[in-house]
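In: Build the 3D model from these lines:
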Amino acid sequence: DPVTRIEGHAKISIYLDDAGEVEDARFHVVEYRGFEKFCEGRPFTEMAGITARICGICPVSHLLAAAKTGDKLLAVKVSVAGEKLRRLMNLGQFTQSHALSFFHLSSPDFLLGWDSDPATRNVFGLIAADPDLARAGIRLRQFGQTIIEKLGARKIHAAWAVPGGVRSPLSEEGRTWIRERLPESFETLYTALNLFKQLLDRFTTETEEFGKFPSLFMGLVGKNGEWEHYGGHLRFRDSEGTIIADHLSEDDYHSFIGEAVEPWSYLKFPYYKPLGYPDGIYRVGPLARLNVCDHIGTEAADRELREMRDRAGGLPTSSFFYHYARLIEILAALEKIQQLMDDPDVVSERVRAQAGINELEGVGVSEAPRGTLFHHYKVDENGLIQKVNLIIATGQNNLAMNKTVTQIAKHYIHGNEIPEGLLNRVEAGIRCFDPCLSCSTHAAGQMP
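Out: Residues are numbered from 1 along each chain as shown. I've put the predicted structure just below:
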């Protein structure tokens, strides 16, 4: 207590038996914020601006999910240009968020060592040890952040995506800037990807023990089974590669996603309803998206996806592979950004559809960097929010995160003398998922 190098506040409890062996481990989320409750009574048009402020790391995710839910309430079709611009902002969000996770939060473990001094086992220690790599990682994150700024006029909490579309297109100056910075971003990504693949040959224990277990995976896929981050439909796949459920609509999420609560965490426990709780454990996020899709749809990222599956001997089930998947998703994002820079629609002025309240209930879904994000609103005839339900990616990984820390603790901890480096490995199991706890705390109650 606290778990370090994550977004938000949490602690981990490890329970030992009389012989000093691990019986159980629990990941406690100890903050409560309650956006679902205090949004009641607000106009639905404010939800994009309000929910984006849940988090400064992934505001775009809530911005887009809220706007897509607003589209449903207006019953409008977003213009082609509006959708492409939303996609562009989400690709910038993926780039900056994944770069933050890999370079700032997780790479100190890989490059400085699990057992290194915690005072320097951070991004500042990385700057001292490898300034060129640290600087490149910071600039890669800056690239994604600046795409968000070029579109929405702000890097954080840009009030840009709105029900019906977006407020403004990309400027020619912005398009030129993105084109000029793409080569450097590709270079940094390949440096990180090649480095991590070399480290994988050394991290065989971590690959086996950092949350390697069978589970379902869920994410959006396109109409041809391609990797998707904004549209498409929902798919569940198991660890063997079998598609369990496909062509699912977010409108019917209640039929396949349940939400359980436990007395020891403010974070809810979503599960796949047909298998019940807790057997319906599933994972979302980078690894899940790469596991549920058939292919990515861009040349370089598809090549890397094939290599990752070859290394894993099929679909990777180790949570340690989340880091690998993040880097492949950055590559996919960069390739898709490059394609959009040649698309005339990104500078089109036809970016927003106008309408009044046509539906009293709507569900929007989008892929956040950390996984699938649902926004569900009910409104009255005046568009005032009556009820809100947010199903956050981190919550959907809650069962898997608890299982991961338990597996790591059981492997490394034997006896009451526990070196700090072993506790850091347990924490690192949580960092695999890059949780956003500010986003995810919605179960009301009192911590024991």
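In: low pLDDT regions in the protein?
Out: 440-448 (pLDDT under 70).
In: do that again at 80, thanks
Out: Residues of the chain that meet the criterion pLDDT under 80 lie in 8-9, 30-33, 56-57, 438-448.
In: Nearest residue to Glu184 in space, please, no chain neighbours.
Out: Arg139 (6.9 Å; Cβ to Cβ, 6 or more residues apart in numbering). Where you see a C-beta, it was placed from the backbone N, CA and C, and this is true even at glycine.
In: for that neighbour, what are its contacts?
Out: Arg139 makes contacts with Glu184, Ser185, Thr188, as judged by Cβ atoms under 8 Å, 6 or more residues apart in numbering.
In: quick one: contacts of the helix or strand hosting Ala301?
Out: Here Ala301, judged by DSSP states H and E, is contained in helix 299-312. With contact meaning Cβ under 8 Å, 6+ apart, helix 299-312 is reached by 193, 197, 200, 227, 290, 295-296, 315-316, 318, 321, 324-325, 327-329, 331-332, 335.
In: and if you look at stretch 143-151?
Out: Stretch 143-151 is contacted from outside by 60, 85, 88-89, 91-97, 99, 154-155, 158, 160, 166, 168, 170-171, 174, 177-178, 181, 184-185, 333, 337, using Cβ under 8 Å, 6+ apart.
In: Derive a PyMOL selection command for the buried subset of the residues you listed.
Out: A single PyMOL command is used to select the members of the contacts of stretch 143-151 judged buried by 16 or more other Cβ atoms under 10 Å:
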select buried, resi 60+85+88+89+91+92+93+94+95+96+97+99+155+158+160+166+170+174+177+178+181+185+333+337
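In: all helices of the stretch 201-350 of the chain, in order?
Out: Using DSSP state H, counting those that start in this stretch, the helices found in the stretch 201-350 of the chain span residues 204-209, 253-256, 286-292, 299-312, 321-340.
In: Val76 versus the spatially most central residue of the chain, what's the distance?
Out: Centroid-nearest residue in the chain, with Cα atoms, centre = their mean: Arg370, separated by 0.9 Å. Counting by Cβ to Cβ, to the nearest Å, the separation of Arg370 from Val76 is 28 Å.
In: do the same with Thr95
Out: To Val76, Thr95 is 29 Å away according to Cβ to Cβ.
In: Please report the distance of Glu40 from Val379.
Out: Separation of Glu40 from Val379 (Cβ to Cβ) stands at 10 Å.
In: list the residues that contact both of these two?
Out: Ile385, Gln386.
In: for the protein, which helix is longest?
Out: Longest helix in the chain, counting residues (DSSP state H): helix 172-200.
In: Now do the helices in the stretch 1-150 of the chain.
Out: Using DSSP H, counting those that start in this stretch, helices in the stretch 1-150 of the chain cover 35-38, 47-51, 59-74, 80-99, 107-112, 123-129, 131-152.
In: Out of these, indicate the one that is most buried.
Out: Ranked by mean neighbour count under mean count of other Cβ atoms under 10 Å, those are led by helix 59-74, which reaches a mean of 27.
In: ok, residues contacting stretch 375-389?
Out: Residues from elsewhere that reach stretch 375-389 (Cβ under 8 Å, 6+ apart): 35-37, 39-45, 47, 51, 62, 65-66, 68-69, 73, 253, 357, 360-365, 374, 390-391.
In: next one: stretch 233-245
Out: Here stretch 233-245 makes contact (Cβ under 8 Å, 6+ apart) with 214-221, 223, 246-250, 253, 256, 272, 274, 282, 291-292, 314-315, 317, 365, 372.
In: Just the buried residues of the residues you listed.
Out: So, by 16+ other Cβ under 10 Å, the buried ones in the contacts of stretch 233-245 are 215-221, 248, 250, 253, 256, 272, 282, 291-292, 315, 317, 365, 372.
In: Among these, which lie within strands?
Out: Within these, residues falling in strands by DSSP state E are Leu216, Phe217, Met218, Gly219, Leu220, Val221, Leu248, Tyr272, Tyr282, Val365, Thr372.
In: List the contacts of the second one.
Out: In this case it means Phe217. Counting by Cβ under 8 Å, 6+ apart, Phe217 touches Phe236, Arg237, Asp238, Ser239, Tyr282, Arg283, Val284, Leu287, Ala288, Asn291, Val292, Leu315.
In: Go through those and name the one nearest Gly421.
Out: For the contacts of Phe217, the closest approach to Gly421 (Cβ to Cβ) belongs to Leu287, at 25.0 Å.
In: now Phe203, nearest residue through space, not along the chain?
Out: Closest to Phe203 by Cβ to Cβ, 6+ apart is Phe320, at 7.0 Å.
In: I figured the one you found hits Thr204, correct?
Out: No - Phe320 is beyond contact range of Thr204, at 10.1 Å (criterion: Cβ atoms under 8 Å).
In: Looking only at neighbour counts, state which of these two leads.
Out: Using other Cβ atoms under 10 Å as the criterion, Phe320 and Thr204 rank with Phe320 on top: 23 against 9.
In: contacting residues for the more buried one?
Out: By Cβ under 8 Å, 6+ apart, the contact list for Phe320 reads Phe203, Glu206, Thr207, Phe210, Gly211, Lys212, Cys432.
In: at 10 Å what do you get?
Out: Going by Cβ atoms under 10 Å, 6 or more residues apart in numbering, Phe320 touches 200, 203, 205-212, 287, 404, 408, 428-429, 432.
In: That one and Ser249: what is the separation?
Out: Phe320 is 32 Å from Ser249, where distance means Cβ to Cβ.
In: again, but for Thr188
Out: Distance of Thr188 to Ser249, computed by Cβ to Cβ: 38 Å.
In: ok, now Val426?
Out: Noted for Val426: a distance of 38 Å to Ser249, by Cβ to Cβ.
In: what does Pro274 give?
Out: Taking Cβ to Cβ, one finds Pro274 at 16 Å from Ser249.
In: Could you do Ala158 as well?
Out: Taking Cβ to Cβ as the measure, Ala158 falls 28 Å from Ser249.
In: just Ser13 next, same as before
Out: Distance of Ser13 to Ser249, given as Cβ to Cβ: 38 Å.
In: again, but for Met341
Out: Using Cβ to Cβ, Met341 is found at 32 Å from Ser249.
In: Kindly report the same for Leu423.
Out: Distance from Leu423 to Ser249, by Cβ to Cβ: 43 Å.
In: same check, this time on His414
Out: As judged by Cβ to Cβ, His414 and Ser249 stand 48 Å apart.
In: Relative to Arg352, which of the helices of the stretch 1-150 of the chain is closest?
Out: For the helices of the stretch 1-150 of the chain, proximity to Arg352 was assessed by Cβ to Cβ; helix 80-99 is nearest, at 6.2 Å.
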